[in-house]
Structures are given as structure tokens and as C-alpha cells.
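> got a predicted model here, sequence first, then my questions.
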Amino acid sequence: MREFIRLQLKLKWGFNRNNSKVSAIMTAVAAFLAVLVALGLVLALTYVLNAAFIKEEIDVSAKRLAGLYLTIIMIGLTIAATGMQMKRLYRPADLAITARFPLSPFKQFICYLILNYIDLAIYSAALVIPVMLMFGVAMKCITFVYLMGVLLGTLFMPLIPFALSIFIAIPVMYLVTLLERHTFVMLGVFIAVLVGAFILYDYILTALAQFFIHRNWEEGTLEIWNSLLTGLDTYYDPAYYLGNMIFFERFGLGIGVLLGASAALIAGGVALARIVCTSFRNKALDSGFGVRVKNTKEDSYSSSRAIFRYQFKEILRTRTYSYFYLGVAISTPVMVFFCNRLISMVGEAQIGPGFNFGTSMLVVAVFMAMICSFAGSILSVEGKKFYITKLVPVGYRKQLLIKGLLNIAVSLIALAISAIVMASLRFLNGAEMAVLLVTQAVLAVGLVFCGINLNLADPNLKPKANGEAEEINITYMLLIGLVVAALLGALCIILPDGAGRGTTAAYLIAVAIAVFFAAVNFVVFWFTADKKYRKIEV
């Protein structure tokens, strides 16, 4: 069992010499930036709520406010733990291999539970320690006792999420199994969750922006936050007992409830999960790991239409694509609206009117970068099936053009709907809308061909778990797109002034940047695609 656990930990957390060092660095940079954003939000929100407390506008204390962050972290860990339980216990990608190990199914079951808890403990440390330290800085409550409390809280944090996830994973797993053949239903659920989370995030940022602009809270906002903090500070919230430990208030009660509740839940959950896990394992082994042969009929599609159709189906079959590519593309208009509203509010308060054009250019360019970044995996997503693309009687460059055309089409549809939303809400006038559409459409073409060029230069065709598109070029493309978006947004914000001077220059420069970026990437693609494609081997 110990060797099995050690092997699994090495596969997930160990460094593989075959992995790209650049990939590891880029992943670390992306994670670091995400942490900085989260900690910045914690610092700002804590400062604002503490200011309201000092003014006696809301009834809050350090412990009560800490309960808010601990509850959010606990919910996040519970969701992560539920995913771990489903992936390892009920839907293991390596069951065909582990079923042949000299280890009984029960021992493997226990090993997977231990692995899930270890992973959860690592995530707990990565979340609780920086968040609570930032909280302590904002509240000016960092002492030796507080630091010891944070360390204790980090150790005890995974208990309840782990215990709850064992129970939650079972109905969620059955629901996912029921809906997994209904791709559009799953996609719709994902989009609803994504948009909901974004709206909540926008609400928090808007509340903070209003405070820093007007140096005061709105009446309704105060009532909402006061009710939320009061509701979380109860015996029904596990974070309440964790807060007792961190601040050493009713310390024995906190430890007793956390240990007792988690022990009872884990004992009952493990007994139930073992029965369900054994059933799913046996069904997977009996059915040949879900392999089904589907009878197909010949069709009379042209080569271009067939490749286009195949690429679209590949998107729907691959979860990374269908969720984070199509999902983001479909929800982009909603997110563009909220981002525009927030940034315009801050910009007009600090800079003045006429800020909307630069804001819209920046926001839309960022979402175009997010959508087009998946062009960086056009080849990699083929995986071990890549050799088929070399056998079909269609030129390599033509195949790539057709695949790129699908990515461009998705981007332009999202752009068109976003433009309709902005026009209907009068964010922009007619000239501004025309310039934005032309610039972003050309930019999308450039980003797609840039992604194809990157993937041609460094195709990652190694087999991937569940056919997912785990490709470092997606990260590269996102960073490139964000840099271009920042450049466009900055120029369109800085050049025009209140009297309208510089507006025409901003229009021309924005279009010129997009055209230059697209032209360079298209020329590189046109003259190098065939040569690079021939050199690629599976």
C-alpha cells in the first residue's frame, strides 16, 4: 500500500524530467498571479469591512469576518474533494492498469482515500495560510497566538470537506453518469455556474469600487453584508468552530466538534462509498472500460465540411474544449457586459466621460484572447490519433485552415453577440462600435493563427487522460493575447481626451495593431505550415 501511495503521489506531485521546464515555470507563474489576485481581493474586502465596523455601520469582529473566508475556503475544498473522490474512486482513468496490481480492491480503495486526503491537506495549506496571513495584516491582529491558531486551522481544515465529499460524491457521480451523454445539458449547467460565479465576483468588485470612489457604503449593501456575516457566525457553520480554534476562543468546543463530526461522517461515508465503489469498479471491468463500437454509415460530405464537422464533434467530446472553450465563448457577452459596467464606472469617476471605448476594447480583447487561446492545441488535441491526419487525402495546410476557421467562427459569433449587448446598452456610439468590431475580428484571426504556429512548433502529442487538451501552448496564447489586449486598451484609453482629440488616432492605431499582428502570423503560417507538419511524428 505504501509503495502504491508513493507512486501515485510521485505521478501527481513529482517532477518528471520529460516534462518541459518552461511549462512548469509558466504554470507556476499563472498560479502565482492567481494567488496575488485572490489575496488582493481579500486585503481590499477586509479593509473595507473593517472600516465599516470601525464606523459601527455593521456588526462585525475579527473572528466573525474570518468566518467568511474560512467558509469560502471550506466550500472550495469540499468541491475539490468531491471531484477527487469521483475521479479516483468511481471513474479512475487507470483502472485497466491498477486492476492488475498485486493489491486487493479494498486496499486500493483505502489508498485512494488516503491520497485524496493528502491532496486536500496540500490545497488547504496553500489556501488557508496565505489568506489568513493577509487577513491578519488587514485587521492588524497578527500575534504569535494568532499564527499558532492559523497553523492549527490549516491542519484541521481538510477534515469536514473530506468527510462531506465522501457522501456528496455519490449522488453527484450518479447525476453526472446520467447526464454525460447529454453534452449540451452538461454544457448549459457549466455555463450557468460560470456566469453565476462571475456575477457574484462582479458584485463584490462593484461594492468595493463604490466604497473607494464614494468612501462610503450604500444602504442596501451594508444590510446584505451584515446579514451574511451574522448568518455565518452560527453553530451550524463548521467554519465557526474552526474560527474558535484560530482565535483560541472556546478552543475545546472547536476541536471536539470538528473531530467528532468528521469521524462520524468519515466512518459512515467510507462504509457506503465502498459498496458503491465496488459496484462501479465491477461494471467498468465487465464492460471493457466503457469501450463501445458504434455502427456508422458513409456520408457524402466534402473534405472541407467533413474536417469542419469532425473538429466540432471533437470539441464536444473533449471536456476541456466543451466547457472552457465553448462555455467561455457562449458566456462571453454576459461577462463583457458586467466587466464594461464595472470598469466604466471606475473610469468615469477617475478620468471622466469618453472612457467607454478604451474600456470596451480592453474587455473584449481579453475575452477574445481567452477564446482563441485554445487554437494553441489544434494539433495536440489529436493525441495518438494524429497519424490519421497525415493519411487523409487533404493537404496539411488546408486541414489547419479548416480547423482554424472553426475557432475563428466561434470567436466572431461571441464578438457579434457582445457587440449587440454593448450597442443595446449604449456603451458605444456607431463609429466606436465599427472600429471595435473590425479590430477585434482581425485580432481574433491573428490570435488563431498565432496559436496554430505555436502548436506546429511544439506539438504535444503524448496520450492524455480522458483525451483532455493539456497543452502549455494554451497558456502561452493566453499570455500573448492578454499582452495585446492590454496594449490595445491602454492606447484607446490614453490617446483620446475629454475634447475628443486623439480619438481618430486611437481608431487607426488599434486597427493597425490588429492588422499587423494578424498579417505576420498568417504569413508565417502560410509559408511554414506544410514544412513543419511533415516533420511531426507521433
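Received the coordinates, thanks.

> hey, let's count contacts and neighbours off CA atoms from now on
Noted.

> residues contacting residue 457?
residue 532 (C-alpha atoms under 8 Å, 6 or more residues apart in numbering).

> could you pull out the helices for the stretch 101-250 of the chain?
105-139, 144-156, 159-179, 183-214, 219-232, 238-246 (DSSP state H, counting those that start in this stretch).

> list the buried ones in stretch 416-429?
By neighbour count with 16 or more other C-alpha atoms under 10 Å, stretch 416-429 contains the buried residues 418, 419, 421, 422, 427, 428.

> for stretch 479-496, same thing?
Those would be 479-482, 484-493, 495-496, for stretch 479-496 by 16+ other C-alpha under 10 Å.

> what pLDDT does the residue nearest to residue 511 when sequence neighbours are not counted get?
Counting by C-alpha to C-alpha, 6 or more residues apart in numbering, residue 439 is the residue found nearest to residue 511 once chain neighbours are left out, at 5.0 Å. Per-residue confidence (pLDDT) for residue 439: 93.

> how close does residue 439 sit to residue 261?
As judged by C-alpha to C-alpha, to the nearest Å, residue 439 and residue 261 stand 57 Å apart.

> more neighbours: those two, which one.
Each of residue 439 and residue 261 has its neighbours counted (other C-alpha atoms under 10 Å); residue 439 has more, 23 against 15.

> tell me who's in contact with the more buried one.
Contacts of residue 439 (C-alpha under 8 Å, 6+ apart): 510, 511, 514, 515.

> how does it look with 7 Å?
510, 511, 514 (C-alpha atoms under 7 Å, 6 or more residues apart in numbering).

> contacting residues around residue 32?
Per C-alpha under 7 Å, 6+ apart, neighbours of residue 32: none.

> gap between it and residue 186?
For residue 32, the distance to residue 186 - C-alpha to C-alpha - is 30 Å.

> try residue 384
Taking C-alpha to C-alpha, one finds residue 384 at 26 Å from residue 186.

> more crowded one of those two?
Ranked by neighbour count (other C-alpha under 10 Å), residue 384 and residue 186 place residue 186 first, with 17 against 14.

> contacts only, for that one.
With C-alpha under 7 Å, 6+ apart, residue 186 has these contacts: 179, 180.

> so how far is residue 73 from it?
For residue 186 relative to residue 73 (C-alpha to C-alpha), the value is 25 Å.

> thinking again about what came up before, please name whichever of the helices of the stretch 101-250 of the chain is nearest to residue 332.
Proximity to residue 332 (C-alpha to C-alpha) singles out helix 183-214 among the helices of the stretch 101-250 of the chain, at 9.0 Å.

> go through the closest one and flag the buried ones.
Within helix 183-214, the residues that count as buried by 16+ other C-alpha under 10 Å are 186-187, 190-191, 194-195, 198-199, 202, 205-210.

> which of these sits closest to residue 46?
residue 208 (10.3 Å).

> mind checking how far the closest one is from residue 62?
19 Å.

> next one: residue 360
39 Å.

> comparing the two, which residue is more hemmed in?
Taking other C-alpha under 10 Å, residue 360 and residue 62 do not tie; residue 360 has more neighbours (28 against 17).

> flag the shaky bits of the stretch 51-200 of the chain, pLDDT-wise.
52-60, 92-103, 183 (pLDDT under 70).

> need the nearest residue in space to residue 245, chain neighbours excluded.
Sequence neighbours aside, residue 251 is the residue nearest to residue 245 in space, at 5.1 Å (criterion: C-alpha to C-alpha, 6+ apart).

> meant to ask about residue 79
Per C-alpha to C-alpha, 6+ apart, closest to residue 79 is residue 165, 7.4 Å.

> contacting residues for that neighbour?
Residue 165 makes contact with 78, 81, 82 under the criterion C-alpha under 7 Å, 6+ apart.

> mind checking which of the residues you listed are in helices?
The members of the contacts of residue 165 that map onto helices under DSSP state H are 78, 81, 82.

> top of the residues you listed by neighbour count?
For the ones in helices among the contacts of residue 165, neighbours tallied by other C-alpha under 10 Å; top is residue 81, 26 neighbours.

> from what I see, that residue and residue 163 are in contact.
No: under the criterion of C-alpha atoms under 7 Å, residue 81 makes no contact with residue 163, lying 9.1 Å away.

> in contact with residue 38, which residues?
No contacts exist for residue 38 under C-alpha under 7 Å, 6+ apart.

> again, but for the one 5 residues further on
If you count contacts by C-alpha under 7 Å, 6+ apart, residue 43 has them with 134, 135, 138.

> any idea how far it lies from residue 257?
In terms of C-alpha to C-alpha, residue 43 sits 30 Å off from residue 257.

> residue 394 now?
For residue 394, the distance to residue 257 - C-alpha to C-alpha - is 66 Å.

> ok, now residue 66?
In terms of C-alpha to C-alpha, residue 66 sits 18 Å off from residue 257.

> between these two, which one's more packed in?
More crowded of residue 66 and residue 257, by other C-alpha under 10 Å: residue 66, with 25 against 15.

> please parse this protein into its domains.
23-286, 303-535 (automatic domain parsing).

> most packed of those domains?
domain 303-535 (a mean of 19; mean count of other C-alpha atoms under 10 Å).

> ends of that one, how far apart?
By C-alpha to C-alpha, the extent of domain 303-535 from end to end equals 23 Å.

> so what's residue 307 up against?
Residue 307 neighbours (C-alpha under 7 Å, 6+ apart): residue 402.

> for the helix or strand containing it, give the mean pLDDT please.
Assigned by DSSP states H and E, residue 307 falls within helix 303-317. For helix 303-317, mean pLDDT is 72.

> chain center to it: distance?
25 Å (C-alpha atoms, centre = their mean, to the nearest Å).

> going forward, begin numbering at 35 instead of 1
Right, with 35 as the first residue, what we last looked at is helix 337-351.

> and the angle from that helix to helix 217-248?
Counting by axes from the mean of the first three to the mean of the last three C-alpha atoms, to 10 degrees, helix 337-351 lies at 70 degrees to helix 217-248.

> re the thing from before, out of the helices of the stretch 135-284 of the chain, which comes closest to residue 300?
helix 193-213 (4.9 Å).

> and the angle from that closest one to helix 139-173?
Note on geometry: by the same axes, to 10 degrees, helix 193-213 and helix 139-173 are set 120 degrees apart in direction.

> what's the helix or strand for the residue lying closest to residue 559 once chain neighbours are set aside?
Distance criterion C-alpha to C-alpha, 6+ apart; nearest residue to residue 559, sequence neighbours excluded, is residue 487 at 6.0 Å. According to DSSP H and E, residue 487 maps onto helix 464-491.

> helix or strand right after that helix?
Following helix 464-491 toward the C-terminus (DSSP H and E): helix 506-528.

> which other helices and strands does the next helix or strand after that next one contact?
Downstream of helix 506-528, the next assigned helix or strand under DSSP H and E is helix 537-569. Helix 537-569 sits against helix 430-458, helix 464-491, helix 506-528, with contacts defined as 3 or more C-alpha pairs under 7 Å, 6 or more residues apart in numbering; DSSP states H and E.

> how far off centre is helix 537-569?
Worked out by C-alpha atoms, centre = their mean, helix 537-569 lies 28 Å from the chain centre.

> the closest residue to residue 466 other than its chain neighbours: which element?
In space, and not counting its chain neighbours, residue 466 is closest to residue 391: 6.5 Å by C-alpha to C-alpha, 6+ apart. Secondary structure from DSSP H and E places residue 391 in helix 390-406.
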